[in-house]
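Enquirer: following is a predicted model, sequence given first.
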Amino acid sequence: MNLEDRLRAGLNTPMDADEDQFLDAVRRGAGSRRRRRAGAALAAGALVVAGAAGIAVGVQRDDAAPPRPPATRTPSPTLPAEAARGVIDLVVNSPGEVYRLTTNVGCVACTTVWAQAPGGDWIRVHDFGSEAYDGPPQPVFGPVTNLVMQGSDGWAWGNKLFSTHDGGRTWSEVGQGPGRRTEAGHSVVIAGRFAWSLFRSIDAETVLYRSPVDADEWTEVPLPDGKADNLVRIGDAVVLDVQDEGLSNRRLRTSTDGVRWSRLAAPCLTDSLLLTAGRSAFLECPGKNGGALFRSTGLGPWQRFGGTIPARAGVFALGEDRVLLNGPRSSTLVTDGGTVRVSGLPGGAVTSAGSAEDLAYAVAFGEDSVGRLHRSSDGGRTWTQVE
Amino acid sequence: MTTVVRPGKRVGMATAAESDAFDAFVRARLPHLLRFARALSGDEHAAADLVQDALERTLLGWRRIVSEDPEGYVRRAMVNRSVSVWRKQRRERLTDDPPPQRYDDPERDHALFAALRRLPPRQRAVVALRYYEDLSEAQTAAVLGCSVGTVKSQAHQAMARLRELLGEER
């Protein structure tokens, strides 16, 4: 039995429960929540008011009221600092421009944006979400799990998309795509003077939008033929991963203006993994006993990069000229100059990584399911867990 | 089966009909929700907590949720909870009368679940949605609020890690 079949069989193993007792426990728990919310509503006093969108953010006491997710909020004093833990996303633009996104267990579906100060300390710049302000459950509001920043402009998203133009201090909800309000996923990249957003509805409709980086003036960009699955950036160009419905027929289409799309030929695409960093794109082509890694620089032809990639290794584009392989027992760094052993990273645990010059950060999940930040000051060769 | 609604038990509901609808939903979908939560958490006791937490939130907004997609709502609530803020709800759990737990199936693939527990939460969520819910990569991305590329990457890493932990070859 292969792993996929084993997973399907194992995950479907029956798991019974006494429905009456379960329902009783659910009702008691809901009653307790309702009483806590009522108390919070009385104590809340002044509520935070949204900015340009004019959306009030507050405790909704009426379950029938329409859901209103928070649109803009200053850091909440009700969330203890120690509640923020576990890194879920990283932005490393330069040694002086590093951001991290952490979970926040002080409330439900909360995340916190941090900027690194010149001395290395982290400055808490914004909290997304707060149970105290959510009111009734939000069927479409989930945690913010992704972040891109460039100077004072940035976007953060989970099921909803938020933007900032003051370095992350205040955020506004972007009408999804824009003006669309259905639950969806996003990909947002900043390429040149534009931010691009690939919007995906729950029924897999995809729409591409573009906006000047310093504003939220989104216009729809006609998609090239096929179903766009993913959006990445290579230098000032965007690359769409396009796939025919029902077929493993992927194509890469690239554009800088959203009008003219060019094909980016690739040595392999089926089951391959596309990674980008700066002007470089890396393609991992899987094989029976490992994979092969190719690199394209500035949308140029693909060239073999490094030797055989061991199976079971997590692959991360750490920079334009380096790829981190996080294997189950050891990690290596593939560079133009060859492959070197990496020390200080836990095996098979890295979920994201980025670098600028010789500074690199990686997030690795330990067995406690908390994303731990690791730092390297020699381009990714030696790492130290910093939190 | 008729559910008797007792005074003080109808949290956030206006009518007995709505309460009956919630009961019917839970009775019909509880086994499925528990299995999905087990896939998300890799642990049967944690799964019961996860489902209870999501159902409590669902009950509070049932009047609105029932007209939309109750199961989708519960599923998203569990995913969000398991990925981001699982620990807080454990502190809040009412401990005087925990939900019943009869999950000692000897046929269960213990090695598989032990391996699942060693994955990061987001990778477990991808595995649960892809291999228990049988969602497509695009649907999984929509539920998780991420790109299809992220789903591919997370699935790739999760399967590689599971193969390693279970001693299987790619």
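Expert: It's in. Keep in mind the model is a prediction, meaning the values are calculated, not measured.

Enquirer: right, is the helix ranked longest in chain B up against chain A?
Expert: Scanning chain B for the longest helix, with DSSP state H as the assignment, gives helix B:16-41. Yes - against chain A, helix B:16-41 shows contacts by CB under 8 Å from any CB of the partner chain at B:Asp23, B:Val26, B:Arg27, B:Leu30, B:Pro31, B:Leu34, B:Arg35, B:Arg38, B:Ala39. No exception for glycine: its C-beta is placed from N, CA and C like everyone else's.

Enquirer: distance from that helix to the middle of the chain?
Expert: 10 Å (CA atoms, centre = their mean, to the nearest Å).

Enquirer: cool, and stretch B:137-152?
Expert: That offset, for stretch B:137-152, works out to 17 Å (CA atoms, centre = their mean).

Enquirer: give the full set of residues in contact with the residue nearest to the spatial centre of chain B.
Expert: Most central in chain B under CA atoms, centre = their mean is B:Ala37, positioned 3.1 Å from the mean C-alpha point. Each residue near B:Ala37 by CB atoms under 8 Å, 6 or more residues apart in numbering or on different chains is listed here: B:Ala46, B:Ala47, B:Ala48, B:Leu50, B:Val51, B:Ala54, B:Met78, B:Ser82.

Enquirer: quick check, the third one in a helix?
Expert: Pointing back at B:Ala48 there. Yes - assessed by DSSP: H, G, I helix; E, B strand; the rest coil, B:Ala48 belongs to a helix.

Enquirer: right, and it touches B:Pro31 too?
Expert: No - counting by CB atoms under 8 Å, B:Ala48 does not reach B:Pro31; the two are 11.9 Å apart.

Enquirer: could you pull out the residues contacting both of these two?
Expert: A:Ala17.

Enquirer: so these two - more neighbours on which side?
Expert: Each of B:Ala48 and B:Pro31 has its neighbours counted (other CB atoms under 10 Å in any protein chain shown); B:Ala48 has more, 24 against 14.

Enquirer: how is chain B carved up into domains?
Expert: Using automatic domain parsing, the domain parsing of chain B gives B:12-95, B:109-170.

Enquirer: mean pLDDT lowest where, among the ones you listed?
Expert: Among those, domain B:12-95 carries the lowest mean pLDDT, a mean of 75.

Enquirer: what's in contact with stretch A:299-310?
Expert: A:234-235, A:237, A:254, A:262, A:264-267, A:281-284, A:287, A:289-296, A:315, A:323, A:325, A:327, A:334-335, A:338-339.

Enquirer: may I see the buried residues of it?
Expert: Across stretch A:299-310, burial judged by 16 or more other CB atoms under 10 Å in any protein chain shown covers A:Leu299, A:Trp302, A:Phe305, A:Gly306, A:Ile309, A:Pro310.

Enquirer: and for the closest residue to the second one other than its chain neighbours, the neighbour number?
Expert: Beyond its immediate neighbours in the sequence, the residue positioned closest to A:Trp302 (CB to CB, 6 or more residues apart in numbering or on different chains) is A:Phe294, lying 4.3 Å away. Residues near A:Phe294, counting by other CB under 10 Å, number 20.

Enquirer: what's the helix or strand for A:Phe294?
Expert: Following DSSP states H and E, one finds A:Phe294 within strand A:290-297.

Enquirer: what residues does that strand touch?
Expert: A:234, A:264, A:266-268, A:279-285, A:302-306, A:308-311, A:315, A:320, A:323, A:334.

Enquirer: ranges for the helices of chain B?
Expert: B:16-41, B:44-60, B:62-65, B:70-84, B:86-92, B:110-117, B:121-127, B:137-144, B:148-166.

Enquirer: give me the phi and psi for A:Gly96.
Expert: Dihedral angles of A:Gly96 (phi, psi; degrees, to the nearest 10) stand at phi -100, psi 0.

Enquirer: need the pLDDT of it.
Expert: 91.

Enquirer: look up how far A:Gly168 lies from the closest residue to it other than its chain neighbours.
Expert: Leaving out its chain neighbours, the residue that sits closest to A:Gly96 by CB to CB, 6+ apart is A:Pro118, at 6.7 Å. According to CB to CB, to the nearest Å, A:Pro118 stands 16 Å off from A:Gly168.
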